[in-house]
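Engineer: 3D model of this:
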Amino acid sequence: SMPGSLGSAQALGIHDYLIKPIVRQRLLEAIERLGKDVRSVLILDDDQQLVELLGRMLESAGRKYRPIKAFGGEDVLTRMRRRRPDMVLLDLVMSDGLAVLEAMRADSFLADIPVIVISAPEYLETRMAKGDKRWG
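Structural biologist: Down below sits the predicted model:
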């Protein structure tokens, strides 16, 4: 889950933070902590193998999750508007991950979709250390 030093990242609407490599049990626990009925899960990462792996983890969980797989952020906002997911697993390290999150928060139709970040912990710590104002 989200390391304590990264708690201010929640200001961007991040509900949780999973450190790669992702363990299925931690993924399922993070989804349960959202406290809402989650069925459709958009998985957004530029690592196609990770997207496929996370999709299989969700499908094998026995909870009727429907993974929606995306490998880049270019058309993902349009896809989300057409088929609004219950939650998003988002890699911030990919080239447009942060832009996708910011665009979601600026869009009234997408703003309340819970986001769980899947990234290396060093990414957020580096952004905060550089004084990036978007991290609160």
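Engineer: and the helix ranked longest in the chain, what's buried?
Structural biologist: Criterion DSSP state H: the longest helix present in the chain is helix 48-59. By 16 or more other Cβ atoms under 10 Å, the buried positions in helix 48-59 come out as Leu50, Val51, Leu53, Leu54, Gly55, Met57, Leu58. Placement of C-beta: from N, CA and C, glycine included.
Engineer: columns distance to Arg66 and pLDDT on top of those residues, output as a markdown table?
Structural biologist: Output for the buried residues of helix 48-59, formatted as a markdown table (distance: Cβ to Cβ, whole Å; pLDDT from 0 to 100):
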| residue | distance to Arg66 | pLDDT |
| --- | --- | --- |
| Leu50 | 18 | 93 |
| Val51 | 14 | 95 |
| Leu53 | 16 | 96 |
| Leu54 | 13 | 97 |
| Gly55 | 10 | 97 |
| Met57 | 13 | 97 |
| Leu58 | 8 | 97 |
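Engineer: let me know the closest of the residues you listed to Leu18.
Structural biologist: Ranked by distance to Leu18 (Cβ to Cβ), those are led by Leu54 at 9.7 Å.
Engineer: just give the nearest non-adjacent residue to the closest one, would you?
Structural biologist: Once flanking residues are discounted, Leu54 sits nearest to Ile43: 5.0 Å by Cβ to Cβ, 6 or more residues apart in numbering.
Engineer: measure the one you found to Ser108 for me?
Structural biologist: Using Cβ to Cβ, to the nearest Å, Ile43 is found at 23 Å from Ser108.
Engineer: which of those two has more neighbours?
Structural biologist: Counted by other Cβ atoms under 10 Å, Ile43 and Ser108 do not tie: Ile43 has more neighbours, with 24 against 7.
Engineer: re the thing from before, what's the longest helix of the chain packed up against?
Structural biologist: Under the contact criterion of 3 or more Cβ pairs under 8 Å, 6 or more residues apart in numbering; DSSP states H and E, helix 48-59 touches helix 24-33, strand 40-44, strand 66-70.
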